[in-house]
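Trainee: Let me see the structure of the following:
(chains A, B, C and D)
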2 protein chains.
Amino acid sequence: MLELIVNYVASLFINSNLNKDGEIMAKEKYLEIAKIINDRINDGTYQARQPLPDQESLAKELGVSRLTVKKALDGLERKGLVYKQSGLGTYVSGTIPIQTRYDSPANMFTGLRNLLGRDNVKSQIIKFNVEFPNENIQKYLCLKHSEPVYNIVRLRIVDDSPLIIEHTYMPVKLVPNLDENILHKSIYQYIHKELKLKFGHAYRKIRACKADQYDQKYLNAKKSDPMLELEQIVWLTNGDPIEYSTSRNRYDQRDYTIVENNRF
Amino acid sequence: MLELIVNYVASLFINSNLNKDGEIMAKEKYLEIAKIINDRINDGTYQARQPLPDQESLAKELGVSRLTVKKALDGLERKGLVYKQSGLGTYVSGTIPIQTRYDSPANMFTGLRNLLGRDNVKSQIIKFNVEFPNENIQKYLCLKHSEPVYNIVRLRIVDDSPLIIEHTYMPVKLVPNLDENILHKSIYQYIHKELKLKFGHAYRKIRACKADQYDQKYLNAKKSDPMLELEQIVWLTNGDPIEYSTSRNRYDQRDYTIVENNRF
DNA sequence: TTGGATTTGTACGTATGTATA
DNA sequence: GTATACATACGTACAAATCCA
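Mentor: Numbering: from 1, shown residues only, chains lettered A, B, ... in the order given. Here you go, the predicted structure:
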């Protein structure tokens, strides 16, 4: 089974610069603080189920105001890394006993190559067309029939073993000049780094279904094997839908994980 | 197929009081504001893809400071209801074209009865034991062998049709005096309203699997049918794990949906 | 039961920065 | 360049939750 090394929080700091030592540095102070605290949790400075220093102390130590510390902690709490108890303090969350190295977070705006490491992911292009969108795709991506979309089917291969069939539609007008070279690497990388577009939110549906011809051919699924399917629409921060896709996984190779938080 | 009527945001206001007119009223101003804006989006006062009044105007109109409005909008943005563009304004998110009335949000801390309506959900108790936890359950719920757990298997029946098999473990010390009467209704209701406990966060795994004997017997699944399984641990706001459970669904009756946001 | 100490949460004001048209 | 609107950051004051003596 596929082994993943996931740092949920690393993805928080994609809007960051490099300082003179080549280290990741967020532009905003609260992200800096969040990263420092996150690192201290990871390196064991702050232990699971133990309290962090209070906000005032952290503020003093790190040279920011208490509210900036609070904003950082709020974010880390929403990600499930810490929990806060009014009147008591802020604590490091306990380890997650059902989490394994094979878990694959569903909340990923960064793409598979970013998650698994660029050298581990290869892509076989099964289909790469430009076409006028049918009625469904028009609806999903807010397009007119005259506005073309890419129709892409890729087999994502991890450690030389076929893992996912991804079927992706994207508006040409939002992602110009897509080519096979990019498809072999990472579309998300291209969208973020080259086009400077930023994902805002996504709606995802996860379901089980039966293996179809593609699954059997490309993922070596048996006809009687269940499949795990993720269907999603992804929007940019300006509200435009940029992607409609379905990803099909073998039931014995992948599951999707979610960290939820009961806070506003 | 099961028809759900979901209001994602309603669950935001569970920490609320009733005012003299019996209306839901949050204690905190920013929750009040969020509810007002949420309602205006639902009733069409603010239209999809259209800008809201700017924060300053809303603050003035609603008699709070701009930062309180911002805090409300930040929360609504994280839930996917609005998106903000620095320098431009705050906009109502577009409708979600792949969302159907059958979707079932995975991010539910409120329980099935709350989601579907109390009159629509019945529960058949297949198993209700108290026992000493095995090694796995000890690990999942941070318990010693000497600390008993409930071992509960319920068939959840919606509109007289069997929908889910839920297998739940809960520590007796955190949920005292559980009885069959409560199991027939809602455990979550009992935990929230009677015991005054509050859920903090959850870790969920969603996978596809093959139908087992239980699925075939109670959900009328065929042997060759895929099943959709949700496995989760739920923690209280004080960091204690309170629930380990697995829920199995027929592949043709349910999918799990997620709204994700790319913000800190 | 009460009161004090500690810690987090809410709310507002203000100033400045940043993104966009 | 200018105007607009949202974001960050700090300060301050007070409220609410928790624990302990």
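
Trainee: can you give me the strands in chain A?
Mentor: Ranges of strands in chain A, per DSSP state E, are A:16-18, A:24-26, A:82-85, A:89-92, A:104-105, A:121-131, A:149-158, A:161-171, A:199-210, A:226-236, A:241-250, A:256-261.

Trainee: who in the stretch 51-200 of chain A is up against DNA strand C?
Mentor: A:52, A:54-56, A:67, A:70, A:73-74, A:84-90 (CB under 7 Å from any atom of the strand). No exception for glycine: its C-beta is placed from N, CA and C like everyone else's.

Trainee: Among these, which ones lie close to chain B?
Mentor: Among those, the residues that sit close to chain B (CB under 8 Å from any CB of the partner chain) are A:Q85.

Trainee: got the contact list for whichever residue of the stretch 101-250 of chain A sits closest to chain B?
Mentor: Here the residue of the stretch 101-250 of chain A nearest chain B is A:P226; by CB to the nearest CB that distance is 3.2 Å. By CB atoms under 8 Å, 6 or more residues apart in numbering or on different chains, the contact set of A:P226 is A:A208, A:C209, A:K210, A:A211, A:Y251, B:A208, B:C209, B:K210, B:P226, B:M227, B:Y251.

Trainee: what about the fifth one, how many neighbours?
Mentor: The number of residues packed around A:Y251, counting by other CB atoms under 10 Å in any protein chain shown, is 21.

Trainee: Break chain A down into its domains, please.
Mentor: When chain A is parsed with the TED database, its domains come out as A:1-92, A:104-257.

Trainee: export those domains to a markdown table and tack on mean pLDDT?
Mentor: Below are the domains of chain A laid out as a markdown table (pLDDT from 0 to 100):
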| stretch | mean pLDDT |
| --- | --- |
| domain A:1-92 | 83 |
| domain A:104-257 | 94 |
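
Trainee: Tell me which of those sits most buried.
Mentor: Highest mean neighbour count of those: domain A:104-257, a mean of 18 (counted as mean count of other CB atoms under 10 Å in any protein chain shown).

Trainee: Now the terminal residues of that domain, how far apart.
Mentor: Start-to-end span of domain A:104-257 (CA to CA, to the nearest Å) is 6 Å.

Trainee: The closest residue to DNA strand D within the stretch 151-264 of chain A: what's it in contact with?
Mentor: Residue nearest to DNA strand D within the stretch 151-264 of chain A: A:T237 (9.7 Å; CB to the nearest atom of the strand). The neighbourhood of A:T237, defined by CB under 8 Å, 6+ apart, consists of A:K198, A:F199, A:G200, B:Y83, B:Q85, B:N262.

Trainee: B:I41: which of the residues you listed is nearest?
Mentor: Nearest to B:I41 among those is B:Y83, at 12.3 Å by CB to CB.

Trainee: my guess is A:E61 meets A:L52, correct?
Mentor: No: using CB atoms under 8 Å as the test, A:E61 is too far from A:L52 to be in contact (11.1 Å).

Trainee: ok, now which ones touch A:I233?
Mentor: A:I233 neighbours (CB under 8 Å, 6+ apart): A:Y140, A:L141, A:A202, A:Y203, A:P241, A:E243, A:Y244, B:I96, B:P97, B:I98.

Trainee: Bridged to it, which residues?
Mentor: A:Y203, A:Y244 (DSSP bridges).

Trainee: Was I right to think A:L141 contacts A:T168?
Mentor: No: contact criterion CB under 8 Å: A:L141 and A:T168 do not qualify, at 11.1 Å.

Trainee: Overlap of the contact sets of these two?
Mentor: Joint contacts of A:L141 and A:T168 (CB under 8 Å, 6+ apart) are A:Y244.

Trainee: which among the contacts of A:T237 gets closest to DNA strand C?
Mentor: Nearest to DNA strand C, judged by CB to the nearest atom of the strand, of the contacts of A:T237 is B:Q85 at 5.5 Å.

Trainee: Leaving out chain neighbours, which residue sits closest to that closest one?
Mentor: The shortest distance from B:Q85 to any non-neighbouring residue, by CB to CB, 6 or more residues apart in numbering or on different chains, is to A:N238 (5.9 Å).

Trainee: measure that neighbour to A:L174 for me?
Mentor: Separation of A:N238 from A:L174 (CB to CB, to the nearest Å): 10 Å.

Trainee: Could you do A:E260 as well?
Mentor: 30 Å.

Trainee: beta partners of the residue of the stretch 101-250 of chain A closest to chain B?
Mentor: According to DSSP bridges, the residues that bridge with A:P226 are A:K210.

Trainee: Residue numbers of the stretch 1-150 of chain A in contact with DNA strand D?
Mentor: Contact residues (CB under 7 Å from any atom of the strand) of the stretch 1-150 of chain A with DNA strand D: A:28-30, A:63-68, A:71, A:85-88.

Trainee: What parts of the stretch 151-264 of chain A come near chain B?
Mentor: Counting by CB under 8 Å from any CB, the stretch 151-264 of chain A sits next to chain B at A:198-210, A:224, A:226-228, A:231, A:233, A:235, A:237-239, A:241, A:244, A:251, A:254-262, A:264.
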